[in-house]
Structures are given as C-alpha cells and as structure tokens.
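S.K.: only geometry, no sequence info:
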C-alpha cells in the first residue's frame, strides 16, 4: 500500500545528483544543495533505525504496526 510516507522514501531512493545549473542556482540563493541532499539521505537512514526499534516493541495486534512495517519496507 502506498502512503505519503512510503512515496517520499521511494522518491528519495531515486534521487540523482543535481545538475550544474541546479547547483549554480542554489548557490546564488545561498543554499548548499549537495549537502542538503546528503543530510536528507542520512535522516532517512536514521528514520529506518528508529522505526526498526519501534516496530520491535509494537504489539502485533496494534494496527500501527502494519503502517510502520510498510514504511520500513520502503526504506529497505
């Protein structure tokens, strides 16, 4: 089942390096695009670690577990 959270993670996996024009435009605006993308990918990895810990302690009858497992599956 696709949810907004799993869609975001799926799209993050498909990220490619920004083009030279994108980098130039972001620098003009004072943004460090490459570093920001690196941070986003690092945070997705941290999210996976946190969700793994949460799902290990979530009761099997809890309906939230299905959603958490779907998100985790999209992170793999």
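M.R.: Noted; the coordinates are in hand. It should be emphasised that the depicted structure is a prediction, and the values quoted were computed from it without experimental measurement.
S.K.: residue 61 - how many residues pack around it?
M.R.: The number of residues packed near residue 61 is 6, by other C-beta atoms under 10 Å. Glycine gets a C-beta too; all of them are placed from N, C-alpha and C.
S.K.: which SS state does it fall under?
M.R.: coil (DSSP: H, G, I helix; E, B strand; the rest coil).
S.K.: roughly how far does it sit from residue 23?
M.R.: Distance of residue 61 to residue 23, given as C-beta to C-beta, to the nearest Å: 49 Å.
S.K.: correct me, but residue 65 touches residue 55?
M.R.: Yes: Residue 65 is within contact range of residue 55, at 6.4 Å (criterion: C-beta atoms under 8 Å).
S.K.: okay, how far is it across stretch 11-31, tip to tip?
M.R.: Stretch 11-31 has an end-to-end distance of 21 Å (criterion: C-alpha to C-alpha, to the nearest Å).
S.K.: contacts for it?
M.R.: 32, 33, 34, 37, 40, 41, 44 (C-beta atoms under 8 Å, 6 or more residues apart in numbering).
S.K.: and what of stretch 45-52?
M.R.: 68, 71, 72, 75, 76.
S.K.: for it, which positions count as buried?
M.R.: Buried positions in stretch 45-52, judged by neighbour count with 16 or more other C-beta atoms under 10 Å: 48, 51.
S.K.: average pLDDT across that stretch?
M.R.: When pLDDT is averaged over stretch 45-52, the result is 87.
S.K.: and it, how far out from the chain middle?
M.R.: 10 Å (C-alpha atoms, centre = their mean, to the nearest Å).
S.K.: number the chain from 7, please
M.R.: From this message on, residue numbering opens at 7, which makes the last subject stretch 51-58.
S.K.: next SSE downstream of the lengthiest helix in the chain?
M.R.: The residue-count maximum for a helix in the chain (DSSP state H) belongs to helix 39-63. Proceeding N to C from helix 39-63, the next assigned helix or strand is helix 70-81, under DSSP states H and E.
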